[in-house]
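# kindly generate the corresponding structure for this input.
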Amino acid sequence: MSATTTLHSVSVRPALPADEEALGELDRSTWSTLHAVMPRPRPPYDPFFDERHRPGDFLVAEAVTEAATEAGAPDGSGEIRIAGYIRLVPPTPLACNAHVRQIQGLAVAAWARGAGVGRTLLRAACAQARRQGANRITLRVLGHNTPARALYASEGFAVEGVLSGEFFLHGRYVDDVLMGRSLAP
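The predicted model follows:
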């Protein structure tokens, strides 16, 4: 009998150094030509956290899951699993840009997609940016990543620029779309 996973609740917390292995595995398992400009990771893998990617830059979504049989009956094996992450950082070290935060990575585990995890992480990042004193948030997304662009637009992000043909990926040129929104209430 095959199993499905049901999410009962999703919470967001700051990443911890102990999350490194799980986040690295999540990052590798979600690699896709839809959003990646870097080649597919190959062993030996670089650490997930380093001097430019600190635990404090990441918010982690945890989901309480319950495996179920094909018939839909709970099997009693509920557990807390990392369902996704979002990276939120200042876009530059410049004081004149300190009012802005930038999303530089968002990943949701395949088993958690379609359950609102990405939206929950996006909203948590906006709230975190406000707490950090930002009044603007930005991101970059590949032009052909229609699902991500739709999510961002539904959360108030607008296209603020397009770098046409910025990347040459898998035999074709791909736009880099710059999106942003105000964090004013």
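
# now do the end-to-end distance for stretch 108-117.
7 Å (Cα to Cα, to the nearest Å).

# how about stretch 143-162?
Across stretch 143-162, the terminal residues are separated by 8 Å (Cα to Cα).

# residues making contact with it?
Stretch 143-162 is contacted by residues 34-35, 106, 118-119, 122-123, 126, 137-139, 141, 174-182 when judged by Cβ atoms under 8 Å, 6 or more residues apart in numbering. For every residue, glycine as well, the C-beta is placed using N, CA and C.

# so which of these belong to strands?
106, 137-139, 141, 174-182 (DSSP state E).

# the lengthiest helix in the chain packs against which elements?
Scanning the chain for the helix with the most residues, using DSSP state H, yields helix 117-131. Applying 3 or more Cβ pairs under 8 Å, 6 or more residues apart in numbering; DSSP states H and E, we find helix 117-131 packed against strand 4-14, strand 58-68, strand 79-89, strand 100-108, strand 136-142, helix 146-154.

# ok, residues contacting it?
With contacts defined as Cβ under 8 Å, 6+ apart, helix 117-131 is touched by 7, 10, 12, 59, 61, 63, 83-86, 88, 101, 103, 106, 108-109, 137, 148, 151-152, 154-155, 181, 183.

# follow-up on the earlier one: show the buried residues in the contacts of stretch 143-162.
Buried residues within those, counting neighbours by 16 or more other Cβ atoms under 10 Å: 35, 106, 118, 122, 126, 137-139, 141, 174, 176-181.
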